[in-house]
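K.L.:
From the sequence below, what's the structure:
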Amino acid sequence: MQITTIPLADADHATNATLTAHLQEPTPNSPWQAFPPLIIVPGGSMTHIPPEESEKTAIAFAAKGYQVFILRYSFLADQQPLYPQPLIDLSLAVQLVKQHREAWHLSDELFILGFSAGGHITALYNDYWSTPWLSNLTGIANQVLKPTKIVLGYPVIDLDAGFPVDEQTIAQWTDNPAKFSASRHVNRHNVPTFIWHTMDDQFVPVQHSLNYSLALKNQDISQEIHLFTHGPHGMDIANELVAHHPDGAQPHVAHWVELANEWLLQY
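P.N.:
Take a look at the predicted model:
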């Protein structure tokens, strides 16, 4: 597997964002092999990305046959208010991946997986990829911006649903909270969505996922949602390899990886 990090800044967009590609080659007797691309948008409260957890999540999905990309989007240390820059970063990542379909042996799909704060970016992207606002902001055509499906793990959705917890932090994220509360902007162009969360997440309340699921339902968007009884926030693939909490290895919750994989490729 080749691992390479690509800056996303170009002549039209100044950003510290990067995309780290985990690329596998087709087997020698199968040169026609194509791998579905999966962009991972990690969590980290908009301040950092935990690389060890993100890398192990990337490896887990690479083992299932994906070409995996990890987006290092803009952080609060890069600019404030932060939005809409993370949406621009994800747009640039989507464009880059689609531009390299042949060179990177990619299938026609494009999937996005967002966790926690990265889930906020991903959910908002699902809302806005089809809009003139994001296309004009990025200079990228809406059809290029379109993902195939998205997956959300314990996502931040609405800025008034218990995380962030204070007005000062919300102001660092955006000066327009209503525009960046994702459940309020779901529309008929949102793509199919898989959501998972734990009921006792004490950091990002499960209400976030419920809000987004209900908004998707109201627009008749295909979705699947899994709410597990127990598990701390930030579980990623929910096994001992990524556990940063004594209770973070939860074999039952870890089933979400296989459930999401089946949903992405079979429905």
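
K.L.:
how far away is Ala117 from Asp220?
P.N.:
For Ala117, the distance to Asp220 (C-beta to C-beta, to the nearest Å) stands at 28 Å. All C-beta atoms are positioned from the backbone trio N, CA, C, and that covers glycine.

K.L.:
More neighbours: those two, which one.
P.N.:
Remark: of Ala117 and Asp220, Ala117 carries more neighbours, 27 against 9, as counted by other C-beta atoms under 10 Å.

K.L.:
Please verify my assumption that the more buried one contacts Val156.
P.N.:
Yes: counting by C-beta atoms under 8 Å, Val156 is a contact partner of Ala117 at 5.5 Å.

K.L.:
for the chain, what spans make up the strands?
P.N.:
2-7, 18-23, 37-41, 67-72, 111-115, 149-153, 193-198, 223-228 (DSSP state E).

K.L.:
Would you reformat these as JSON lines and include distance to Ser91, mean pLDDT and mean neighbour count?
P.N.:
As requested, these are arranged in JSON lines below (distance: least, C-beta to C-beta, whole Å; pLDDT from 0 to 100; neighbours: other C-beta atoms under 10 Å):
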{"stretch": "strand 2-7", "distance to Ser91": "15", "mean pLDDT": "94", "mean neighbour count": "11"}
{"stretch": "strand 18-23", "distance to Ser91": "12", "mean pLDDT": "96", "mean neighbour count": "20"}
{"stretch": "strand 37-41", "distance to Ser91": "11", "mean pLDDT": "98", "mean neighbour count": "28"}
{"stretch": "strand 67-72", "distance to Ser91": "11", "mean pLDDT": "98", "mean neighbour count": "25"}
{"stretch": "strand 111-115", "distance to Ser91": "11", "mean pLDDT": "98", "mean neighbour count": "27"}
{"stretch": "strand 149-153", "distance to Ser91": "14", "mean pLDDT": "98", "mean neighbour count": "28"}
{"stretch": "strand 193-198", "distance to Ser91": "18", "mean pLDDT": "98", "mean neighbour count": "25"}
{"stretch": "strand 223-228", "distance to Ser91": "23", "mean pLDDT": "98", "mean neighbour count": "18"}
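
K.L.:
could I get those as TSV with distance to Thr122?
P.N.:
Below are the strands of the chain laid out as TSV (distance: least, C-beta to C-beta, whole Å):
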stretch	distance to Thr122
strand 2-7	20
strand 18-23	15
strand 37-41	5
strand 67-72	10
strand 111-115	3
strand 149-153	6
strand 193-198	9
strand 223-228	14
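
K.L.:
of all these, which lies closest to Glu53?
P.N.:
strand 111-115 (8.8 Å; C-beta to C-beta).

K.L.:
got the CA positions of that closest one in CSV?
P.N.:
Below are the C-alpha coordinates for strand 111-115, written out as CSV (Å, rounded to 0.1, in the frame of the first residue of the first chain):
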residue,chain,number,x,y,z
PHE,A,111,-18.3,7.7,-0.3
ILE,A,112,-17.7,10.0,2.7
LEU,A,113,-17.4,8.9,6.3
GLY,A,114,-17.5,11.6,9.0
PHE,A,115,-17.0,11.2,12.8
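
K.L.:
List of residues touching that strand?
P.N.:
36-43, 57, 61, 66, 90, 94, 120-123, 125-126, 147-155, 234, 236, 260, 264 (C-beta atoms under 8 Å, 6 or more residues apart in numbering).

K.L.:
Can you point out the buried residues in stretch 243-258?
P.N.:
Along stretch 243-258, these residues count as buried under the neighbour rule (16 or more other C-beta atoms under 10 Å): 243, 248-250, 253-254, 256-257.

K.L.:
and it, how far apart are its ends?
P.N.:
End-to-end distance of stretch 243-258 (C-alpha to C-alpha, to the nearest Å): 18 Å.

K.L.:
starting at the chain centroid, how far to it?
P.N.:
Mean C-alpha position of stretch 243-258 versus that of the full chain (C-alpha atoms, centre = their mean, to the nearest Å) differs by 18 Å.
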